[in-house]
Structure formats: structure tokens, C-alpha cells
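Asker: Got a sequence here, can you model it:
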Amino acid sequence: MPIELDERGRALENEYFHRKEKELLEKMKAKIEGENAKSLDLKCPKCDGTLYEADYDDVKIDVCNKCAGVWLDPGELAQIAAKEEQSGGWFSRFFG
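Answerer: Modelled structure (predicted):
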């Protein structure tokens, strides 16, 4: 009889710790998601406005919602220049 009580006690203990670990994991996931949402809001280096992603000739560029400044990630200028060179646009004539 005492063996059954010990087993029951261990089972309840395991269940308790399993539930606590699950709660802790859910809290950690919520915290990480909140941090990721905050980090996605990029600030404009010029005016501290918020940058949003725009599409220019199938190239994703960042544009400020306050000062309308355009910010390019590494390689985006080369992509735009290559597309303009093929089409003979103003950009290729300006830098060509």
C-alpha cells in the first residue's frame, strides 16, 4: 500500500512541475514575441520617424514616414543601379 502512495505522490509532483514549466515557456514565448515586435520598428536616423518598407522596381527600400527620407540596405543600391542600367532610366544616366 505505501508503494502506491509514493508512486501517486511522484506522479502528482511530476504533473505539477510539468504544468509550471509549460507556464514558464508560454511566458518566455510571449516576452520574445514582444521584443521582436519592438525591434521591427526601425527609427529614421535623421528625424527619429518610423521607417516603413516600400517597393521600388521590385527592390525593398525603407522610407521614413516623417521626412520621406529613403534608406537602403546593403546591396539595394547595386540592385537598383543594375535594373536602371538595363532599362536606360535616369539613375543609370546620372551615375553612368
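Asker: Just give me how far the longest helix along the chain sits from the chain centre.
Answerer: The helix that spans the most residues within the chain, counting by DSSP state H, is helix 2-40. What separates the centre of helix 2-40 from the centre of its chain is 27 Å, taken as Cα atoms, centre = their mean, to the nearest Å.
Asker: Moving along the chain from that helix, name the first helix or strand you hit.
Answerer: Sequence-wise, the next helix or strand beyond helix 2-40 is strand 51-56, with elements assigned using DSSP states H and E.
Asker: Please identify the buried residues of that next one?
Answerer: L51 (16 or more other Cβ atoms under 10 Å). To be clear about C-beta, it is placed using only N, CA and C from the backbone, and glycine gets the same treatment.
Asker: list the helices and strands that strand packs on?
Answerer: In terms of contacts (3 or more Cβ pairs under 8 Å, 6 or more residues apart in numbering; DSSP states H and E), strand 51-56 is packed against strand 59-64.
Asker: Look up which residues are beta-bridged to K43.
Answerer: For K43, the residues forming beta bridges with it (DSSP bridges) are T50.
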